[in-house]
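A.B. asks: Turn this into a structure:
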Amino acid sequence: MNQYITGAMIKRLREDRKLTQHQLAVKMMVSDKTISKWETGRGYPDISLIEPLSSALGVSVIELFSGQETSNTNRSFNMHRIKVHVCPVCGNVIISTGEAVVSCCGIVLPSLEAEPEDDEHCIHLERIEDEYYVSLSHEMSKKHYISFIMAVRDNGYEIRKLYPEGNAEASFKQNRIKYFSYYCNRHGLFRISV
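C.D. replies: Predicted structure coming up:
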């Protein structure tokens, strides 16, 4: 547990909330010495105290375990700020519209940074009436494939899940699309503006 919840983290969060060790101990219904032991690394909170500790320190359990607080300064909705998270265990795709602590399959997922397209991950856009037909000449085996293609508009997003041994293609209405993102299970997230 010491690699996740550190004494330094507990102390910093306590001090950020302007709590003394005694005040935190009262909230947690433990002794001052217990808080001191946690903060100096001579002891760690029992698993039954993790949720009350996170509540007393004003962070989520995930933030407490990860050692990082997440503060979303995104006060107005802007689709250019969306974050994509993909679980490496189950492939779950989670979209957030700002900073967030996201976890799946017991692990905290970082947001992915989109790369510009390259020779192997080059998207082809074709306008057909009022739609974009989007395709990639990319391997679609069970070990290496494009997992999804997403159209991001100024007022939302639309995602098409793709599967191995299928085709890396999708159609989207052209209305208000700003960019496309697509995810290769080996090489990560790519993005191209329209």
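
A.B. asks: Only C-alpha atoms from now on, for both contacts and neighbour counts.
C.D. replies: Fine.

A.B. asks: Does residue 169 touch residue 133 like I think?
C.D. replies: Yes. A contact is recorded between residue 169 and residue 133 when judged using C-alpha atoms under 8 Å, the distance being 7.3 Å.

A.B. asks: In which helix or strand does residue 191 reside?
C.D. replies: Here residue 191 is covered by strand 188-193, with elements defined by DSSP states H and E.

A.B. asks: Partner strands of that strand and their direction?
C.D. replies: Partner strands and pairing direction for strand 188-193 (DSSP bridges) are strand 115-116 (parallel), strand 177-184 (antiparallel).

A.B. asks: Tell me which of these is the most buried.
C.D. replies: Most buried of the strands paired with strand 188-193 by mean neighbour count (mean count of other C-alpha atoms under 10 Å) is strand 177-184; its value is a mean of 20.

A.B. asks: what about that strand, distance to the chain center?
C.D. replies: In terms of C-alpha atoms, centre = their mean, to the nearest Å, the centre of strand 177-184 is set 17 Å apart from its chain centre.

A.B. asks: ok, now stretch 127-142?
C.D. replies: Worked out by C-alpha atoms, centre = their mean, stretch 127-142 lies 26 Å from the chain centre.

A.B. asks: now swap in stretch 88-98 and tell me
C.D. replies: Between the centre of stretch 88-98 and the centre of its chain there are 6 Å (C-alpha atoms, centre = their mean).

A.B. asks: distance between the ends of that stretch?
C.D. replies: By C-alpha to C-alpha, to the nearest Å, the extent of stretch 88-98 from end to end equals 21 Å.

A.B. asks: Return the set of buried residues in that stretch.
C.D. replies: Buried positions in stretch 88-98, judged by neighbour count with 16 or more other C-alpha atoms under 10 Å: 93, 97-98.

A.B. asks: So which of these sit within strands?
C.D. replies: Residues of the buried residues of stretch 88-98 located in strands (DSSP state E): residue 93.

A.B. asks: Please, where are all the strands along this protein?
C.D. replies: Using DSSP E, the strands found in the chain span residues 83-86, 93-96, 102-104, 107-109, 115-116, 123-128, 131-136, 146-153, 156-161, 169-173, 177-184, 188-193.

A.B. asks: Just tell me which of those strands ends up closest to residue 64.
C.D. replies: strand 107-109 (11.4 Å; C-alpha to C-alpha).

A.B. asks: Of all the residues in that closest one, which ones are buried?
C.D. replies: For strand 107-109, the neighbour count (16+ other C-alpha under 10 Å) marks 108-109 as buried.

A.B. asks: Tell me how far residue 117 lies from residue 188.
C.D. replies: For residue 117, the distance to residue 188 - C-alpha to C-alpha - is 11 Å.

A.B. asks: helices and strands around the worst-scoring helix or strand of the chain on mean pLDDT, which ones?
C.D. replies: When the helices and strands of the chain are scored by mean pLDDT, DSSP states H and E, helix 61-66 comes last with a mean of 76. For helix 61-66, the packing partners by 3 or more C-alpha pairs under 8 Å, 6 or more residues apart in numbering; DSSP states H and E come out as helix 50-57.

A.B. asks: and the helix it packs on, which residues are buried?
C.D. replies: 50, 53-54, 56-57.
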